[in-house]
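Participant: structural data only, the sequence is not supplied:
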């Protein structure tokens, strides 16, 4: 067991557990987007940052990847943490306003506006789908490509992957509802599950008005408007 | 190569090599780093080899091909040993001569290095300031070693430290030595190397441990690691073997960028040679110790310089960082303990064992021992690699080694640490360069890039540039880093395009801080530094962009438009009238000029020409368009009556009355524009006629008085009442003006009081303030100068005084004394040149210390009396006889970015003279204003709000020299015009600050068709001048006007920067033609 201090409380947690697991076990809420039980922690969304250390050495780390250390002092909701979270949520809202999950998180944190140029992206590159495919479905059909602003998720060469079993797991975990909406172009869709699994309107050209079983999906609507 | 099987064999080899070479034979050393090869060093090698063979000098001359020596600015260069003669920037012809001369042990004095500051040639490399002020512990190796010859390295003492370490056989001692040396990671983090090794040595691993040399140097403008690796790869290998011995590492990896082909080639050769000699791989030198190094080529991502990303890249995965802990020292490559050090850190290791840890730690400061190599680039005279002790100040690096700014533009800031670093402003250049000081200043050491920026660098643009780099180079894993850099770039881009708001600045700061706080790896955590440091130190520049929509460095295109127009304080559409001249439409050209400027003919002669200094032709290395000469061409040729100013009819019946005090260019302009707006203006002038400095001080050979009078006459219309001979304070007060019913007052009384030297005896007869001297002549025709005349000062009024003096009958010689170098004289360069042509002697770096008198009785003669003001001579009974001076040298750099003149003791000398004119600057004669309740600063200038020209008294506005101190005519006109607008807003009860608007070119004028040949031959047209002999005797205007042919030719040279804004695209010709018709 490891003893550490979370928000002023002395607690003991199992060795090997992350700060996020420790805090959640004790009932301290920490919002996450790219974390999911059963998938390896990735530390990409930065929403789960907590403050560790003291004085000048205090810093923010992602709690989902940081291991519990003996004697560590952790603050899960200090003003520094909250400021960072609010800014992250504002950035998320600016990029992906149609996601229900992001909207809810932003509302919970009292975000009432975003000050950047509004974008309508359908992916926040949290990587849940990639890990879901690889770790739970043993698929490895999709992965990251490119870096910086050109980073994206997809199958190799954007053609349907042979190892994809159309399980739909990627869509299931997506917090920004990207994948459920790419069915418009089934050739390019990572799994195209909804297009292939539920065939009621296959004869319709380009599947334009097809009802997705994940309806309503805001991303689709916005895409259509453009 | 024979494999060495024991330490003794290495020693033997070394002594054999040493004996075999004869150091007394001259050696030609040709540096061929990437910089050298790019500038043609390979051709030099070819020529040198050919010449040596052709002249049969193989026995008399040695040739060594090495890596970069550091002075990249001077490449291709050659160093000749043993005298160490340095030949910079040589061509193939010179190479032949050097071979010949070197064989005879001669020096070619005509192609030696010339020190620009002193103008002297310097023979030895070590005497050149760039080299002499460095401590070249690592870089000096590059001169001694041919990187592809291991024997060179061994001969110079290489690998002997490895044998020393192996002979001693104590790993603990190795780590302890490194720890005691205080060496810290040179990659930028500054983690103590000894501590890192200690941690690695403690790690247990059954699968081996790794040492990595990080040569993934990707910062724009930084290339010191490349030079070390290219020029001396063995020192890295030796350092790594020593490190492996100390830490028990089994494998070494050099992770080098694929963009460094020469470095990779040299490294591969070095590793191969070391293996062949038995210095790598199994059983090194027969000691049973095994270690091997292999190179890994990077895949070209900036982020792979981050250690966790680098490890993943070596493993063959996507180069993405991961959260630490676990640290690489615990779990690195393939999960095995790994220590990663930078190239320079490894290069320092052999040095520690050569000179010992204590000796190593002696250089540098506490906690920051040793030397650091910086790549000094940007707007600086000497670019290249410099190696200095840690703790050297930025000032020493930039000015002493770097030689200061290239042109006249002052150095504004230094950017250290590449894209993750920050900008340090010039006023903090006393900052010592060490890890802590830089971090405190908001920057980082980084790997050692140092980019110097001057006033022509826009800090918003710099931040934008680095953010653009980072948004592409962020791996994209962390949301805050990926999206944060994108959004920061977006905001910066908006600001640079004039779409920024004050809210943007807050948002930018907030975002930058969060990105710094929340990102996982070093790239993201430091990505905000360019933004935060510029926001911190250059917030005014950001505000200028956001609030005033101005880019003072003329970089942000959407805020600048055509640089000539943006440079003009009056916003004259220069490009437009230049284009109209080309079309032969002179009257229209006149209208364009006159529309912006009520004094076109005056400005055609005495304008400070900001437009020309900003001309893109000039700033890009060519010759700027001769804009003023073309303005003169138009104003001389076109009758002013073609321009009819647009008048606003007076509002209703009540006519508002405004008082303008001072009828100089500022006052006249204000009166003119107020009159156009329908106000009744009373112009109050202390002198007998209007014109101010234009009439009283500017000499007629530059600006004929009738030109000025004619132009003033045109401005004085029925709305303007002139009350000359009335001085504020003496004849009238502000209160009286308001009582008389004036609703607003504009003060523009100028600055016509000369500063004194603050020396004893300045009130002696024969000593004149320049203003007094010039006014006496211009207004009353009095010639105050006689005999030998000295003028102290370097500004325009000093040169004016000198040139007026030499035209006066009783003057025999004129000497101008200035305390700095002629390059730093604030006077317009062409005025100084003209003055020299007229026979005026210029003594620079001289400052007067005392003025001596002789008894008046001896001097009282007829000639003296004509010069004397009777009141003073009676009182003093003395007059000036000579002036004692002391020579100066250039010292430290002061806050203005210029070197401070420092007197050299014992160099006092005396100049005999008859007249001394003091022209070291002017101040407003504003004492009376203080008593009227106005606020003045120390220099006697009136304090106003820069945006509204409001003084601290309601209804009182001020502008021109009274506010700015001595300034150009065009700035005074601009102030007057602005005052008219502000006063109009004030009377109408509107918000005083005008909303800023960017003046982009909007009228399309068909560009001239200019052939390549014409462009190539085109040279700047200079107006003809009267020759020096004939003009010395009189006050005829010196500069002549251009001919039609000259003006057209010059106008055709114009790059037409306006087209970028007016011409939408090439296939819209039809539409453009339509626009042109409308405009005409």
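Facilitator: Nice, thanks for sending it over. Predicted, not measured: the structure shown is a model, and the values here were computed from it. Residues are numbered from 1 along each chain as shown, chains lettered A, B, ... in the order given.
Participant: can you classify the closest residue to residue B:213 other than its chain neighbours as helix, strand or coil?
Facilitator: Spatial nearest neighbour of residue B:213, excluding adjacent residues (Cβ to Cβ, 6 or more residues apart in numbering or on different chains): residue B:254 at 4.4 Å. Placement of C-beta: from N, CA and C, glycine included. Following DSSP: H, G, I helix; E, B strand; the rest coil, we place residue B:254 in the strand state.
Participant: what is the rounded mean pLDDT of stretch A:29-45?
Facilitator: With pLDDT averaged residue by residue, stretch A:29-45 scores 93.
Participant: so does that stretch get close to chain B?
Facilitator: Yes: using Cβ under 8 Å from any Cβ of the partner chain, we find that stretch A:29-45 touches chain B at A:42-45.
Participant: so where is the chain shaky, pLDDT-wise?
Facilitator: No chain was given, so I picked chain A. Judged against pLDDT under 70, the low-scoring parts of chain A cover residues A:177-226.
Participant: try again with chain B
Facilitator: For chain B, the ranges with pLDDT under 70 are B:649-654, B:822-825, B:827, B:829, B:832, B:842-878, B:895-898, B:1064-1080.
Participant: show me which residues of it are close to chain A?
Facilitator: Residues of chain B lying close to chain A (Cβ under 8 Å from any Cβ) are B:301, B:303, B:318, B:322-323, B:325, B:471-480, B:482-487, B:490-491, B:503, B:507, B:510-511, B:514, B:517-520.
Participant: let's go with 6 Å and repeat that
Facilitator: Contacts of chain B with chain A, taken as Cβ under 6 Å from any Cβ of the partner chain, map to B:323, B:471-472, B:474-480, B:483, B:486-487, B:507, B:514, B:517-518, B:520.
Participant: domains of the chain?
Facilitator: Looking at chain A here, since you left the chain open. Domain segmentation of chain A under automatic domain parsing yields A:2-78, A:128-225.
Participant: that's the wrong chain, I wanted chain B
Facilitator: B:7-127, B:150-362, B:364-457, B:458-560, B:572-644+B:1002-1049+B:1065-1074, B:657-699+B:712-752+B:924-987, B:756-921.
Participant: Serialize these to TSV and add fields for mean neighbour count and distance to residue A:124.
Facilitator: Output for the domains of chain B, formatted as TSV (neighbours: other Cβ atoms under 10 Å in any protein chain shown; distance: least, Cβ to Cβ, whole Å):
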stretch	mean neighbour count	distance to residue A:124
domain B:7-127	18	41
domain B:150-362	21	16
domain B:364-457	22	25
domain B:458-560	22	6
domain B:572-644+B:1002-1049+B:1065-1074	18	37
domain B:657-699+B:712-752+B:924-987	21	44
domain B:756-921	18	47
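Participant: I'd like those written out as TSV, with distance to residue A:109 added.
Facilitator: Formatted as TSV, those follow (distance: least, Cβ to Cβ, whole Å):
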stretch	distance to residue A:109
domain B:7-127	51
domain B:150-362	23
domain B:364-457	29
domain B:458-560	13
domain B:572-644+B:1002-1049+B:1065-1074	47
domain B:657-699+B:712-752+B:924-987	40
domain B:756-921	47
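Participant: tell me which of those domains sits nearest to residue A:139.
Facilitator: Of all those, domain B:150-362 sits nearest to residue A:139, with 18.3 Å by Cβ to Cβ.
Participant: among the residues of chain B next to chain A, which ones are in helices?
Facilitator: Using DSSP state H, the subset of these located in helices is B:471-472, B:479-480, B:483, B:486-487, B:507, B:514, B:517-518.
Participant: now flag whichever of those is closest to residue B:541.
Facilitator: Residue B:541 has its nearest neighbour among those in residue B:507, at 17.6 Å by Cβ to Cβ.
Participant: tell me the secondary structure at the closest residue to the closest one other than its chain neighbours.
Facilitator: Spatial nearest neighbour of residue B:507, excluding adjacent residues (Cβ to Cβ, 6+ apart): residue A:115 at 5.2 Å. Under three-state DSSP, residue A:115 falls in the coil class.
Participant: how many other residues sit next to residue A:115?
Facilitator: Using other Cβ atoms under 10 Å in any protein chain shown, residue A:115 has 15 other residues around it.
Participant: quick one: buried residues of the longest helix anywhere in chain A?
Facilitator: Counting by DSSP H, the longest helix found in chain A is helix A:79-95. Counting neighbours by 16 or more other Cβ atoms under 10 Å in any protein chain shown, one finds that the buried residues in helix A:79-95 are A:80-81, A:83-95.
Participant: and it, how far out from the chain middle?
Facilitator: 14 Å (Cα atoms, centre = their mean, to the nearest Å).
Participant: closest residue of chain A to chain B?
Facilitator: Using Cβ to the nearest Cβ, the closest approach of chain A to chain B is made by residue A:151 at 3.4 Å.
Participant: quick check on that residue: phi, psi?
Facilitator: Dihedral angles phi and psi of residue A:151 (degrees, to the nearest 10) take the values phi -70, psi 140.
Participant: the residue nearest to residue B:507 and residue B:505 touch, don't they?
Facilitator: No: between residue A:115 and residue B:505 there is no contact under Cβ atoms under 6 Å: 11.8 Å.
Participant: residues contacting stretch B:932-946, please?
Facilitator: By Cβ atoms under 6 Å, 6 or more residues apart in numbering or on different chains, the list of residues contacting stretch B:932-946 from outside reads B:733-734, B:923-924, B:926, B:930, B:951-953, B:958, B:962-963, B:965.
Participant: do stretch B:681-691 as well
Facilitator: B:658-661, B:663, B:671, B:674-675, B:708, B:712, B:720-727.
Participant: okay, now that stretch: how far is its last residue from its first?
Facilitator: 16 Å (Cα to Cα, to the nearest Å).
Participant: for residue B:909, give me its contacts.
Facilitator: Residue B:909 neighbours (Cβ under 6 Å, 6+ apart): residue B:885.
Participant: for the stretch 101-250 of chain B, just list every one of the helices.
Facilitator: Applying DSSP state H, counting those that start in this stretch to the stretch 101-250 of chain B gives helices spanning B:129-132, B:139-144, B:150-155, B:160-168, B:171-181, B:193-202, B:224-231, B:233-247.
Participant: got a list of contacts for the fourth one?
Facilitator: Right, helix B:160-168. Against helix B:160-168 from outside (Cβ under 6 Å, 6+ apart): B:7, B:10, B:174, B:238, B:241-242, B:245, B:287, B:350, B:353-354.
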